[in-house]
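**Student:** got a predicted structure plus its sequence, pasted below:
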Amino acid sequence: MQYNEFYQKSLDNPELFWKEQANLISWFKTAETILSKDKNDYPQWYADGELNACYLALDKHIEDGFGEQIAIIYDSPVTQTVKKYTYNEVKTQVAKLAGGLLSLGIKKGETAVIYMPMIPQAAFAMLACARIGVTHSVVFGGFAPHELAIRIDDCKPRIILTASSGIEVDRLIAYKPLVDEAIELANHKPKKVVVFNRKLGARVPFKKYDVDYDALVYGSEETDCVSVESTHPLYVLYTSGTTGKPKGIVRDTGGYATALKFSMQYVYGVKPDDIFWAASDVGWVVGHSYIVYGPLINRNTTIIFEGKPIKTPDASTFWRVIAEHKVNVMFTAPTAIRAIKKEDPDGLFIKEYDLSSLKTQFLAGERCDVATLEWYNQHIPVPAIDHWWQTESGWPMIANMMGVEFLPIKPGSAGKAVSGYDIRILNDNGEEVGANEEGFVVIKLPLPPGTMLDLWNDSERFKIGYLSKFPGYYFSGDGGFKDAEDYIFITGRVDDVINVAGHRLSTAEMEEIVASHPAVAECAVIGVNDELRGQIPLAMVVMKTGNETEHFQLEYEIVHLIRDQIGAVACLRNVMIVQRLPKTRSGKILRKLLRNIVDKIEFQIPSTIDDELIIDEIIEVIEKYAVSKQK
């Protein structure tokens with residue numbers, strides 16, 4: 001099969017193309033209407049079809065005779081545990097938990113929040129919700145109570161499912177006190193909190209709303225899958241917005257299941273029975289699509305990994321997991337490879353393991369630099385595929401489609417457009433630009449199945465944020481260019497959301513927190529280049545006149561403010577004191593200019609600046625700060 005022919009077919013007749021793909025999954029009621037539009041004139045897929053994602057992930061394979069195939073391998077170097085679950089065992093756990101949730105009064109159409117570490121029970125909770133038509137919203141366990149409370153108030157869950165603790169490299173993090181604090185902060189009060197006690201020593205304060213996970217599962221009968229509409233929200237997943245208020249990305253069921261099955265086969269080149277490992281977290285979209293739903297719908301064995309690429313116990317962990325479990329296709333962030341490279345630059349650990357099972361390595365989360373790709377290929381001679389997608393898309397938009405035709409890899413490029421995505425590069429006027437000319441990355445409507453349905457309870461923000469800038473197109477928020485061979489290069493965000501090790505975080509929200517410090521008069525938080533994480537935030541603050549707080553004290557307090565309200569995932573460690581911030585005459589802080597100065601990228605001082613002399617002052621402060629950090 002040729003990529004060009006296959007891709008063009010998806011653009012020329014999308015309804016026929018995606019009808020054929022939908023026929024590859026099992027529906028309770030086959031859709032007659034393949035492509036239609038909702039009340040906002042936004043495309044939707046298979047509107048009159050009915051199905052269930054949990055059925056596709058578990059029951060279907062058992063009915064087909066594959067119940068004893070391993071569905072999930074739980075590998076936890078932090079607890080020194082490896083446990084394998086067959087499809088039969090997962091289905092029993094999920095169906096009994098689903099029955100238990102029903103006994104607590106939750107119904108189809110309601111919501112549940114899942115706040116768990118990387119343990120099998122997190123996947124069981126997701127699938128149990130899907131089984132009974134409850135929309136789940138997974139919140140990454142590293143987020144602070146303030147962030148969890150915002151999400152509770154937005155999606156209004158009837159139930160929260162959590163665990164007693166998560167485990168970092170050097171400590172236990174007790175989750176239950178964080179959940180209790182979030183509930184105190186939130187206006188909406190969930191009816192019940194289901195707690196899975198890992199019995200690792202974490203404090204688990206009891207509240208009247210608590211329910212023991214094990215007792216709930218043990219005392220419940222298995223319940224069957226309910227039929228839901230194709231457009232039924234499978235989940236809400238929050239991603240940072242430029243206003244600081246998180247955006248709840250709504251995912252449908254039918255289009256998503258179709259797209260995941262398609263992507264496992266054609267993008268990742270994975271066959272049923274293969275071992276697939278996405279080294280991510282269920283709190284992120286990668287975990288939803290390629291730890292839980294995608295591999296299980298495709299009847300793969302998926303790995304739930306509770307650990308880090310380094311220090312659990314060392315930089316050999318990834319290679320140990322691949323060798324031990326015979327992983328065929330792996331997906332991780334370039335950050336992880338850079339961390340391993342830093343600890344083991346000569347790849348000595350790699351030589352200790354038999355990695356012959358590995359066919360392909362996929363990388364995504366932030367742009368993969370050429371040096372990292374080269375290092376990987378020097379030590380592991382399999383295709384290392386950089387690819388690009390977003391929480392909003394739910395599955396890859398740009399990739400080297402390994403299940404169609406392997407194309408030459410161009411370092412720095414995420415590959416070519418994936419089937420269904422008509423990707424264009426436009427200028428400010430909405431005109432398509434030529435080869436190698438940078439512009440806005442947009443996708444011509446209709447988007448293919450599986451992409452976002454809406455924003456939770458905020459359709460107006462959805463239209464303004466994604467559809468209004470270029471009518472007829474989805475605006476990705478990223479800049480980039482195509483070369484003469486239609487390879488696409490993503491150059492980064494065009495707004496003020498930064499990408500820290502694959503996690504999109506709002507600088508606007510960080511600025512609000514930094515500005516709350518009593519010593520700070522004004523501030524700007526920018527994302528600057530970081531060799532390990534892609535980007536990290538840097539805070540520039542103007543102190544209040546007369547305030548005599550020492551620099552080191554101010555930095556310490558601001559770092560802890562961010563950690564307390566967003567979480568350690570933000571990685572804000574550097575706070576720079578400046579006399580003033582560069583602004584336009586209308587008062588807008590010139591953040592892009594600041595980023596270019598810090599990253600030592602050639603810059604032009606805009607004509608709209610209110611005072612050019614400030615630039616020399618900023619450069620001097622940056623140089624002095626760098627010297628002080630080296631000392």
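**Tutor:** That came through fine.

**Student:** my guess is Ala259 meets Trp395, correct?
**Tutor:** Yes: using Cβ atoms under 8 Å, Ala259 is in contact with Trp395, at 5.0 Å. Glycine gets a C-beta too; all of them are placed from N, C-alpha and C.

**Student:** what touches both of these two?
**Tutor:** Common contacts of Ala259 and Trp395 (Cβ atoms under 8 Å, 6 or more residues apart in numbering): 450-451.

**Student:** who has more neighbours out of those two?
**Tutor:** Neighbours per residue, other Cβ atoms under 10 Å: of Ala259 and Trp395, the larger number sits with Ala259, 29 against 26.

**Student:** tell me the SS of the more buried one?
**Tutor:** helix (DSSP: H, G, I helix; E, B strand; the rest coil).

**Student:** how about it: what's its closest non-neighbour residue?
**Tutor:** Spatial nearest neighbour of Ala259, chain neighbours left out: Gly450 (2.7 Å); criterion: Cβ to Cβ, 6 or more residues apart in numbering.

**Student:** for that neighbour, grab the count of nearby residues.
**Tutor:** Gly450 has 26 nearby residues by other Cβ under 10 Å.

**Student:** which helices and strands does the host helix or strand of Thr302 pack with?
**Tutor:** Secondary structure from DSSP states H and E places Thr302 in strand 301-305. When contacts are defined as 3 or more Cβ pairs under 8 Å, 6 or more residues apart in numbering; DSSP states H and E, strand 301-305 packs onto strand 70-76, helix 120-131, strand 275-278, helix 294-297, helix 317-325.

**Student:** separation between Gly248 and Asp154?
**Tutor:** Noted for Gly248: a distance of 6 Å to Asp154, by Cβ to Cβ, to the nearest Å.

**Student:** what touches both of the two?
**Tutor:** Common neighbours of Gly248 and Asp154, counting by Cβ under 8 Å, 6+ apart, are 238, 456-457.

**Student:** secondary structure, pLDDT and distance to Arg424 for those - can I get that in JSON lines?
**Tutor:** Listed next are the shared contacts of Gly248 and Asp154 as JSON lines, based on DSSP: H, G, I helix; E, B strand; the rest coil; pLDDT from 0 to 100; distance: Cβ to Cβ, whole Å:
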{"residue": "Tyr238", "secondary structure": "strand", "pLDDT": "92", "distance to Arg424": "28"}
{"residue": "Trp456", "secondary structure": "coil", "pLDDT": "96", "distance to Arg424": "28"}
{"residue": "Asn457", "secondary structure": "coil", "pLDDT": "93", "distance to Arg424": "30"}
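
**Student:** ok, the closest residue to Lys444 other than its chain neighbours - contacts?
**Tutor:** Nearest non-adjacent residue to Lys444, counting by Cβ to Cβ, 6+ apart: Asp422, 3.9 Å away. When contacts are counted by Cβ under 8 Å, 6+ apart, Asp422 is found next to 11, 443-444.

**Student:** gap between Asp422 and Pro448?
**Tutor:** Taken as Cβ to Cβ, the span from Asp422 to Pro448 is 9 Å.

**Student:** what of Gln535?
**Tutor:** As defined by Cβ to Cβ, Gln535 lies at a distance of 29 Å from Pro448.

**Student:** which one's more surrounded, the two?
**Tutor:** Legend: neighbour count by other Cβ under 10 Å for Gln535 and Pro448, higher for Pro448 (27 against 23).

**Student:** number of residues surrounding the residue nearest to that one when sequence neighbours are not counted?
**Tutor:** The shortest distance from Pro448 to any non-neighbouring residue, by Cβ to Cβ, 6+ apart, is to Gly420 (2.8 Å). Look at Gly420: counted by other Cβ under 10 Å, it has 24 neighbours.

**Student:** just say helix, strand or coil for Gly420.
**Tutor:** Classification of Gly420 using three-state DSSP returns coil.

**Student:** got a pLDDT number for it?
**Tutor:** pLDDT, Gly420: 98.

**Student:** now it: phi and psi?
**Tutor:** Backbone torsions of Gly420, given as degrees, to the nearest 10, read phi 100, psi -20.

**Student:** that one and Pro14 touch, don't they?
**Tutor:** Yes: if you go by Cβ under 8 Å, Gly420 and Pro14 touch, sitting 6.8 Å apart.

**Student:** spit out the residues that contact those two alike.
**Tutor:** Pro448.

**Student:** that older thread, how far away is the residue nearest to Pro448 from Trp319?
**Tutor:** 35 Å.

**Student:** with adjacent residues omitted, what lies nearest to Gly49?
**Tutor:** In space, Gly49 is closest to Ala31, 3.1 Å off (Cβ to Cβ, 6+ apart).

**Student:** also Leu296?
**Tutor:** Closest residue to Leu296 apart from its sequence neighbours, by Cβ to Cβ, 6+ apart: Ala57 at 3.7 Å.

**Student:** Asn298 is in contact with that neighbour, correct?
**Tutor:** No: Ala57 is beyond contact range of Asn298, at 9.3 Å (criterion: Cβ under 8 Å).

**Student:** quick one, which of these two is more surrounded?
**Tutor:** Between Ala57 and Asn298, counted using other Cβ under 10 Å, Ala57 has the larger neighbour count: 31 against 26.

**Student:** wait, what's in contact with that one?
**Tutor:** Contact analysis of Ala57 by Cβ under 8 Å, 6+ apart lists 127, 130, 292-293, 296-297.

**Student:** how about the helices of the stretch 51-200 of the chain, start to end?
**Tutor:** For the stretch 51-200 of the chain, the helices defined by DSSP state H, counting those that start in this stretch cover 53-54, 60-63, 87-103, 120-131, 145-155, 175-185.

**Student:** comparing the ones you listed, which yields the minimum mean pLDDT?
**Tutor:** When those are compared by mean pLDDT, helix 145-155 comes last with a mean of 93.

**Student:** and that helix, how far from the chain's centre?
**Tutor:** Averaging C-alpha positions (Cα atoms, centre = their mean, to the nearest Å) puts helix 145-155 18 Å from its chain's average.

**Student:** okay, the angle between that helix and helix 175-185?
**Tutor:** Here the directions of helix 145-155 and helix 175-185 differ by 60 degrees (axes from the mean of the first three to the mean of the last three Cα atoms, to 10 degrees).

**Student:** just the CA coordinates for helix 145-155, please, in PDB.
**Tutor:** C-alpha atoms of helix 145-155 as PDB (Å, rounded to 0.1, in the frame of the first residue of the first chain):
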ATOM      1  CA  PRO A 145      -5.800  20.100  45.700                       C
ATOM      2  CA  HIS A 146      -6.400  23.600  44.200                       C
ATOM      3  CA  GLU A 147      -6.200  22.100  40.600                       C
ATOM      4  CA  LEU A 148      -8.300  19.100  41.500                       C
ATOM      5  CA  ALA A 149     -10.900  21.400  43.100                       C
ATOM      6  CA  ILE A 150     -11.200  23.400  39.800                       C
ATOM      7  CA  ARG A 151     -11.900  20.200  37.900                       C
ATOM      8  CA  ILE A 152     -14.400  19.000  40.500                       C
ATOM      9  CA  ASP A 153     -16.300  22.200  40.200                       C
ATOM     10  CA  ASP A 154     -16.300  22.100  36.400                       C
ATOM     11  CA  CYS A 155     -17.300  18.500  35.700                       C
END
